[in-house]
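Q: Sequence and predicted model, in that order:
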Amino acid sequence: MTDPTIRQIIQAMPSRFNPQAAGSLDAVLQFDISGEQGGHFFATIREGTCRLDEGSHTAPTLRLTMSDQTYVDMVMGRLTGQQAFFTRKLRYTGPINLAIKLHTLFTR
């Protein structure tokens, strides 16, 4: 089975969004993905919804920086966010509690 592309994964984020896990969260998640399939995307979570845009947000709540392969591996369940962070494959800026909660906001 072939892995989905970054674009396919990103475009599916709103349909994989778990509003119950988000609760009253109001945040912008910036994804800066390097590599051949990379790009800049941000998800706006507000009032139990998730909207996705391409580009860079001027003031994201949480910024995640990683390679395209790291992102695919995390989405496919081959790598956890903790593993990626501690092996320096993932960098973030923003509140650690949101970074830790991120995996609960989206189903696989």
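A: Yes, it's here. Residues are numbered from 1 along each chain as shown.

Q: can you pull out the strands in this protein?
A: Ranges of strands within the chain are 27-34, 39-46, 49-54, 62-67, 90-93, based on DSSP state E.

Q: residue ranges for the helices of this structure, please.
A: Using DSSP state H, the helices of the chain run over 6-16, 19-22, 68-75, 81-86, 96-105.

Q: Which one of those helices lies nearest to residue 61?
A: helix 96-105 (6.5 Å; CB to CB). (Glycine included, C-beta is placed from N, CA and C.)

Q: follow-up on the earlier one: TSV please, covering the strands of the chain and showing distance to residue 84.
A: Converted to TSV, these look like this (distance: least, CB to CB, whole Å):
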stretch	distance to residue 84
strand 27-34	12
strand 39-46	17
strand 49-54	21
strand 62-67	7
strand 90-93	4
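
Q: Who are the contact partners of the closest residue to residue 75 other than its chain neighbours?
A: Distance criterion CB to CB, 6 or more residues apart in numbering; nearest residue to residue 75, sequence neighbours excluded, is residue 9 at 5.3 Å. Applying CB atoms under 8 Å, 6 or more residues apart in numbering to residue 9 gives the contacts 71, 72, 75.

Q: got a markdown table for those, with pLDDT too?
A: As requested, those are exported to a markdown table (pLDDT from 0 to 100):
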| residue | pLDDT |
| --- | --- |
| 71 | 95 |
| 72 | 94 |
| 75 | 90 |
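
Q: Let's have the residues you listed in TSV, adding distance to residue 32 and neighbour count.
A: Below are these laid out as TSV (distance: CB to CB, whole Å; neighbours: other CB atoms under 10 Å):
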residue	distance to residue 32	neighbour count
71	10	24
72	15	21
75	16	21
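
Q: List the beta-bridge partners for residue 93.
A: Beta-bridge pairing of residue 93 under DSSP bridges involves residue 63.

Q: same question, residue 49
A: residue 46.

Q: got the contact list for it?
A: Residue 49 makes contacts with 14, 17, 19, as judged by CB under 8 Å, 6+ apart.

Q: any idea how far the second one is from residue 47?
A: What it means is residue 17. Using CB to CB, to the nearest Å, we find residue 17 at a distance of 12 Å from residue 47.

Q: neighbour-wise, which of those two wins?
A: residue 17 (19 against 9; other CB atoms under 10 Å).
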